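>>> Here is a sequence together with a model predicted from it:
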Amino acid sequence: MVDHSGPMLLALALVAFFYASVGHAGASGYIAVFSLFGVEASAIKPLALVLNVAVAALGTWQFLRSGHLRLGRIWPVYLLAIPSAFLGGYLDLPIRWFNGLVGLVLLTSAARFVQQPRDPEQLRDPRPSTLLLTGSSLGLLAGLTGTGGGVFLTPLLVLMGWCRTREAAAVSVLFILLNSLAALGGLLLTRQTVPPLPWPLFLTVALAGGLGSRLGSAHWPVATIRRTLAAVVAVAGMRLLLSD
């Protein structure tokens, strides 16, 4: 049984709120919190994915109803991401050697968001083949790490000029939802079980995530979202750099 004491509950709710406000679902943050509070290592990845699915589902609905999910130019990013995330969830490979490089990339992305608080006026049209490769690579990484991949996808979409901030958040939250479901399916195929998750914990995280996605999709200015995104990406980058 996972403990749902006050400090851990508050930490998970804060992660859900701030991650959801930028179109993420918080898996990397949940993993850090569960580790900090001594949750059994084998339970952390499936628990993080379950919370990810709940928060990403609410986020997808919020960003969709706000009109930010425009798939016309970006849809190929989803095609290979789902089977790749499924494969990543099924495999159990050591990726420590990769953590340092990805962590540095995320920290650099965070600095760029702080320096450029506004969206570009002109967007670029990515090639479908580029989006296919991007989705496949990030889907596999998402499945391996037990995250939804949004912490990698959103900075790429924005910094490459493929999407504006809210559009990138909308693309990423659907990407996260699909990948999390696929990765969870891959885990279950390996006959791993999902430990019981206390309802107070689940509902608190879902409500916090729903509130965050509502503010990010409809109320917060773009500059606030980009600075929050910088903080989220920086935390994820530091976690990768400091991981064993």
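Arrived safely, thanks for sending.
>>> what's downstream of the helix or strand of the chain with the lowest mean pLDDT, the next helix or strand?
When each helix and strand of the chain is scored by mean pLDDT, DSSP states H and E, helix 96-115 comes last, with a mean of 72. Using DSSP states H and E, the helix or strand that follows helix 96-115 in sequence is helix 128-145.
>>> before we move on, back to that, next, the angle from the least confident helix or strand of the chain to helix 128-145.
Between helix 96-115 and helix 128-145, the angle comes out at 120 degrees (axes from the mean of the first three to the mean of the last three C-alpha atoms, to 10 degrees).
>>> which secondary structure elements does helix 96-115 contact?
Secondary-structure packing of helix 96-115 (3 or more C-beta pairs under 8 Å, 6 or more residues apart in numbering; DSSP states H and E): helix 150-159, helix 222-242. (Each C-beta comes from the backbone N, C-alpha and C, glycine too.)
>>> Sticking with the residue lying closest to residue 57 once chain neighbours are set aside, tell me its helix or strand.
Of all residues not flanking residue 57 in the chain, residue 177 sits nearest, at 5.8 Å (C-beta to C-beta, 6 or more residues apart in numbering). Using DSSP H and E, residue 177 sits in helix 165-189.
>>> what angle do that helix and helix 150-159 make?
Using the same axes, to 10 degrees: helix 165-189 against helix 150-159 is 150 degrees.
>>> Could you list every helix and strand in contact with helix 165-189?
Packed against helix 165-189, as judged by 3+ C-beta pairs under 8 Å, 6+ apart, are the following elements: helix 41-65, helix 76-79, helix 81-90, helix 128-145, helix 150-159, helix 199-218, helix 222-242.
>>> a markdown table for those, including mean neighbour count and distance to residue 113?
Output for the helices and strands packed on helix 165-189, formatted as a markdown table (neighbours: other C-beta atoms under 10 Å; distance: least, C-beta to C-beta, whole Å):
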| stretch | mean neighbour count | distance to residue 113 |
| --- | --- | --- |
| helix 41-65 | 23 | 19 |
| helix 76-79 | 20 | 20 |
| helix 81-90 | 24 | 23 |
| helix 128-145 | 21 | 18 |
| helix 150-159 | 26 | 7 |
| helix 199-218 | 20 | 14 |
| helix 222-242 | 20 | 4 |
